[in-house]
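Undergrad: With the input below, show me the fold.
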Amino acid sequence: MEIKHLIFNLLILYSLIVHTNANASDCIYNIYVQTGNIPYAATTSNITIFLNDATKAELPVVNLQNWGLMGSTYHYFRPGEVDLFSMKGPCLRAPVCGLTIVLDGYDSWYCDGIEITVVGFGKSCSQKHFVVKKWLDVNAGTAVIIQDECFIDNVPRSISLRNGY
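TA: Residues are numbered from 1 along each chain as shown. Model prediction:
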């Protein structure tokens, strides 16, 4: 737990340094992805996620591996591992409360959970943990998982699946 706290603090520092190259409407999205610690949980497929807020704004993170902080030779999405990704992008209008996960390959993957931390200059930091605990599998018809925890006036937000997924 102490290491996770240290990594979180380093990411905040990293985010502040990166901000010197960002405009005022940019945020840094730190994404932790935990693969299940069960047989065959790993994948070599590309994973894309879409982050959503309560206003239905959406930010795509195409091919998570492109945003990996573990190095170019690191093998992402291995059983029991927590992988770290970071990207700069436009700030959403509200904290992240929805997540769509898309697997675009032919091997399956078991996702335990995803945690999103968002920081931006002059903006409140936000953090959201999504408990997924599901298989993504193209052959089984479950290549897309939607985790929506957005509420508007204490009512769950209605969502719709985008075309092409």
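Undergrad: out of everything not next to it in sequence, what's closest to residue 112?
TA: Closest residue to residue 112 apart from its sequence neighbours, by CB to CB, 6 or more residues apart in numbering: residue 34 at 4.2 Å. Every residue, glycine included, has its C-beta placed from N, CA and C.
Undergrad: and residue 109, what is it in contact with?
TA: For residue 109, the contact set (CB atoms under 8 Å, 6 or more residues apart in numbering) comprises 35, 41, 42, 43, 45, 47, 77, 103, 135, 136, 137.
Undergrad: possible to save these as JSON lines with secondary structure and neighbour count?
TA: JSON lines is the format used below for those (DSSP: H, G, I helix; E, B strand; the rest coil; neighbours: other CB atoms under 10 Å):
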{"residue": "35", "secondary structure": "strand", "neighbour count": "22"}
{"residue": "41", "secondary structure": "coil", "neighbour count": "19"}
{"residue": "42", "secondary structure": "coil", "neighbour count": "20"}
{"residue": "43", "secondary structure": "coil", "neighbour count": "21"}
{"residue": "45", "secondary structure": "coil", "neighbour count": "21"}
{"residue": "47", "secondary structure": "strand", "neighbour count": "25"}
{"residue": "77", "secondary structure": "coil", "neighbour count": "23"}
{"residue": "103", "secondary structure": "strand", "neighbour count": "23"}
{"residue": "135", "secondary structure": "strand", "neighbour count": "18"}
{"residue": "136", "secondary structure": "strand", "neighbour count": "23"}
{"residue": "137", "secondary structure": "strand", "neighbour count": "17"}
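Undergrad: tell me which helix or strand of this structure sits lowest on mean pLDDT?
TA: helix 2-19 (a mean of 50; mean pLDDT, DSSP states H and E).
Undergrad: After the helix or strand hosting residue 51, which helix or strand is next?
TA: Per DSSP states H and E: residue 51 is located in strand 47-53. With elements assigned by DSSP H and E, the helix or strand that comes after strand 47-53 is strand 58-61.
Undergrad: That following strand pairs with which strands, parallel or anti?
TA: Paired with strand 58-61 in the same sheet, following DSSP bridges, are strand 47-53 (antiparallel).
Undergrad: List the neighbours of the partner strand that are in contact with it.
TA: 29, 31, 33, 58-65, 77, 92-104, 109, 114, 116, 148, 150, 159, 162.
Undergrad: Return a ChimeraX selection command for the buried portion of those.
TA: To isolate the buried ones among these in ChimeraX, judged by 16 or more other CB atoms under 10 Å, type:
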select :29,31,33,59,61,64,65,77,92,96,97,98,99,100,101,102,103,109,114,116,148,150
